[in-house]
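Engineer: Provide a 3D model corresponding to the input given below.
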Amino acid sequence: MLAELSIRNIVLIERLDLAPGEGLVVFTGETGAGKSILLDALGLALGARGDAGLVRAGAEQGVVTARFELPADHPVFALLAEEGIERGEEPGELILRRVQKATGASRASINGEPVSVSLLRRVGERLVEIHGQHDARALMDPARHGELLDAYGGLQGQVAEVADLWQAWQGARRRLEERRMRLEQARREREWLEHAVEELSGLAPEEGEEERLAERRQVMMHAERFAEAIAEMQKALNNPGGGVAGRINAALRRLERQREAAGGRLDDVCEAFDRVLVELAEAERLLEEAASRFVHDPRELEDVEQRLFALRAAARKYRVSVEELPALLADLEGQLAALDQGEADLAALEAEVEAAKAAYMQAAQALSAARRDAAARLDAAVAAELAPLKLERARFATEILSDPDRAGPTGIDAVEFMVATNPGSRPGPLVRVASGGELSRFMLALKAALAARGSAPVLVFDEIDTGVGGAVAAAMGERLKRLAENGLQVLAVTHSPQVAARADHHHVLAKEVATGDKGEEVTRTFVRTLTGRERQEEIARMLSAHEITAEARAQAARLLADAGHRAVVEGS
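Structural biologist: Next up, the predicted model:
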């Protein structure tokens with residue numbers, strides 16, 4: 001509920017702090033006392049369009065603060081969490097603040113954090129519904145009628161199921177379209193794919209092949225130089241005068257014959273030369289092997305170069321590196337295989353789409369049937385409210401047009417509230433058919449039938465009883481009271497004593513002319529909360545034409561007593 005409303009320097013209101021109270025709360029006062037200013041200030045805090053003209057004359061800025069007390073699980077907190085706005089000190093507390101500058105600039109905050117006016121408006125729409133003769137918002141907006149009907153019928157579970165099935169159907173459709181596009185592209189490229197696969201398969205590139213071929217080509221291109229160096233080393237080891245190994249071996253044998261006589265002094269030398277001979281033998285073997293590596297057929301170099309150049313030409317053609325050719329071949333072969341498999345996959349996806357569509361349509365048609373049942377109950381409930389509001393000759397009908405071609409996340413239905421105000425006339429859209437006074441009564445009948453379903457926690461009714469009186473005004477008061485008993489806070493600006501008498505809390509707005517700081521006359525609007533005799537006196541004023549009479553006071557007492565309030569007996 002709206003727990004507190006604080007207003008500073010808005011039009012005629014210099015300073016106002018109001019705690020409206022729970023249940024049905026009424027605001028009364030003479031015409032021009034400032035009731036509309038109060039609603040304009042509340043609207044500013046809820047995100048309505050700002051205007052420099054709202055700032056009180058002589059002030060630099062106007063400020064409106066609205067503090068709400070809500071259930072901790074109210075949906076508005078989920079919205080705020082998405083926007084990164086933290087909760088207040090109390091779990092269910094929400095403070096909206098709007099600063100309107102005299103220059104025209106405007107600032108907004110929620111729980112002390114700066115926000116955009118658009119976010120403030122989105123939050124405000126979830127907290128307060130404002131209804132007037134020409135402003136019934138959600139009830140007048142056909143786009144909201146389906147939502148209200150679903151809330152009345154308790155169909156939110158079915159609506160959620162339909163929304164899930166819609167998403168599943170659309171997801172399957174997207175996958176099918178994507179596969180069709182890929183398949184069509186692959187079909188257009190089949191000839192190229194087949195040619196590329198044939199060409200690369202014939203080439204049969206291998207991983208690391210370029211590096212091996214380049215290395216072999218390099219060796220063969222310099223083989224003669226390498227062979228000359230090896231031959232020179234072989235010549236040095238095996239010259240005509242005797243090879244190095246032979247001469248060392250002969251000298252070693254002579255040395256060994258003296259080894260024993262030397263008493264072991266030549267052992268190290270002999271062993272060292274033994275090792276030298278072993279290493280020389282290994283070196284000669286390795287030279288022979290190396291020489292064989294550089295012996296090749298001249299045609300081999302030509303073959304290696306042709307292979308290397310063919311691989312590099314293919315890489316340039318397909319705009320990849322030689323190293324990537326094997327992977328490219330595998331990928332193209334996969335695309336060809338997928339093209340063949342794609343037809344089967346396409347059929348499976350088409351079957352999936354049809355199954356998802358059928359499941360959606362079945363749920364959507366069940367929802368349509370449930371909506372028609374709920375609509376019949378709603379029409380009967382609204383009809384029961386019309387007669388007491390002197391609309392007994394009018395007819396209310398919930399029109400549901402079902403069209404599979406209009407399928408969407410909320411189903412296949414277009415829902416709109418229709419009315420006929422005269423017997424025999426065809427029902428038309430509520431907002432177009434009903435006059436100002438009729439519209440407010442239709443709206444109240446519909447709201448009474450809907451009760452708290454699909455409603456914001458705070459309802460504001462702005463002079464919807466204008467032009468009615470007597471039994472009709474009493475019926476309006478009864479319905480406003482009933483709404484308040486459904487857990488809503490109902491704020492009503494009224495000129496009707498029958499409505500005012502049923503309120504749980506009664507506030508009166510009035511104007512006073514005072515002297516300003518510079519001696520000038522200043523008009524200010526203020527609010528007083530009425531109880532007991534003051535409240536009875538205000539209702540008597542509303543009943544009187546000019547001056548308050550004893551009869552008006554007695555009638556006011558009867559109205560209060562009929563509404564369950566203690567009346568003040570004259571003279572007590």
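Engineer: so where is the stretch 351-500 of the chain shaky, pLDDT-wise?
Structural biologist: Residues of the stretch 351-500 of the chain that meet the criterion pLDDT under 70 lie in 431, 433-437, 452, 454.
Engineer: what do you get if the cut-off is 80, keeping everything else the same?
Structural biologist: For the stretch 351-500 of the chain, the stretches with pLDDT under 80 are 424, 430-441, 451-455, 465-469.
Engineer: ok, A272 - contacts?
Structural biologist: Counting by C-beta atoms under 8 Å, 6 or more residues apart in numbering, A272 touches no other residue. In short, each C-beta sits where N, CA and C put it, glycine included.
Engineer: which phi and psi does it have?
Structural biologist: When read as degrees, to the nearest 10, the backbone of A272 gives phi -60, psi -40.
Engineer: shouldn't L459 be within a helix?
Structural biologist: No. Per DSSP: H, G, I helix; E, B strand; the rest coil, L459 lies outside any helix segment and is strand.
Engineer: V63: which element?
Structural biologist: strand 61-69 (DSSP states H and E).
Engineer: who does that strand pair up with?
Structural biologist: Note on strand 61-69: by DSSP bridges, its sheet partners are strand 2-10 (antiparallel), strand 93-101 (antiparallel).
Engineer: mind listing what the residue nearest to Q158 when sequence neighbours are not counted touches?
Structural biologist: The shortest distance from Q158 to any non-neighbouring residue, by C-beta to C-beta, 6 or more residues apart in numbering, is to L367 (4.8 Å). By C-beta under 8 Å, 6+ apart, the contact set of L367 is L155, Q158, V159, V162, G411, D413.
Engineer: just flag the most distant two among the residues you listed.
Structural biologist: Q158 and D413 (11.7 Å; C-beta to C-beta).
Engineer: of these two, who's got more company?
Structural biologist: Comparing Q158 with D413 by other C-beta atoms under 10 Å, the one with more neighbours is D413, at 23 against 20.
Engineer: circling back: rebuild the strands paired with strand 61-69 as JSON lines, extending it with mean neighbour count, distance to A344 and mean pLDDT.
Structural biologist: As requested, these are exported to JSON lines (neighbours: other C-beta atoms under 10 Å; distance: least, C-beta to C-beta, whole Å; pLDDT from 0 to 100):
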{"stretch": "strand 2-10", "mean neighbour count": "21", "distance to A344": "63", "mean pLDDT": "94"}
{"stretch": "strand 93-101", "mean neighbour count": "20", "distance to A344": "57", "mean pLDDT": "94"}
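Engineer: can you put the ones you listed in CSV and add distance to M233?
Structural biologist: Below are those laid out as CSV (distance: least, C-beta to C-beta, whole Å):
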stretch, distance to M233
strand 2-10, 104
strand 93-101, 95
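Engineer: between those, which gets nearest to L459?
Structural biologist: Comparing those against L459 with C-beta to C-beta, the closest turns out to be strand 2-10 (10.5 Å).
Engineer: and the contacts of that closest one?
Structural biologist: Against strand 2-10 from outside (C-beta under 8 Å, 6+ apart): 13-20, 37-38, 40-42, 44-45, 54-56, 59, 61-69, 100, 127-128, 458, 489, 491.
Engineer: only whichever of these are buried, select them in ChimeraX.
Structural biologist: Buried subset of the contacts of strand 2-10, written as a ChimeraX selection, criterion 16 or more other C-beta atoms under 10 Å:
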select :13,14,16,18,20,37,38,40,41,42,44,45,54,55,56,61,62,63,64,65,66,67,68,69,100,127,128,458,489,491
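Engineer: avg pLDDT for stretch 325-341?
Structural biologist: For stretch 325-341, mean pLDDT is 85.
Engineer: got phi/psi on the closest residue to P71 other than its chain neighbours?
Structural biologist: Take P71 and drop its neighbours on the chain: the residue closest to it by C-beta to C-beta, 6+ apart is G92, 5.8 Å away. Main-chain dihedrals, G92, degrees, to the nearest 10: phi -100, psi 10.
Engineer: likewise for T410?
Structural biologist: Taking degrees, to the nearest 10 as the convention, T410 sits at phi -100, psi 10.
Engineer: show me the contacts for it.
Structural biologist: By C-beta under 8 Å, 6+ apart, the contact list for T410 reads G146, V159, V162, A163.
Engineer: pretty sure the second one sits against G408.
Structural biologist: Going back to what we said before, that points to V159. No. Look at V159 against G408 with C-beta atoms under 8 Å: they stay out of range, at 11.3 Å.
Engineer: can you give me the angle the helix or strand hosting E129 makes with strand 93-101?
Structural biologist: Here E129 sits within strand 128-132, counting by DSSP H and E. For strand 128-132 against strand 93-101, the angle by axes from the mean of the first three to the mean of the last three C-alpha atoms, to 10 degrees is 60 degrees.
Engineer: who are the packing partners of strand 128-132?
Structural biologist: Packing contacts for strand 128-132, counted by 3 or more C-beta pairs under 8 Å, 6 or more residues apart in numbering; DSSP states H and E, involve helix 35-45, helix 436-450, strand 458-462.
Engineer: quick one: it to chain centroid distance?
Structural biologist: The chain centre lies 26 Å from the centre of strand 128-132; the measure is C-alpha atoms, centre = their mean, to the nearest Å.
Engineer: mean confidence for the helix or strand that contains E538?
Structural biologist: Element membership of E538 [criterion: DSSP H and E] is helix 532-543. In this model, helix 532-543 has an average pLDDT of 91.
Engineer: quick one: classify the closest residue to A52 other than its chain neighbours as helix, strand or coil.
Structural biologist: Spatial nearest neighbour of A52, chain neighbours left out: G104 (4.3 Å); criterion: C-beta to C-beta, 6+ apart. G104 carries the three-state label coil when classified by three-state DSSP.
Engineer: for G104, list the residues it contacts.
Structural biologist: G104 sits next to G50, D51, A52 when contact means C-beta under 8 Å, 6+ apart.
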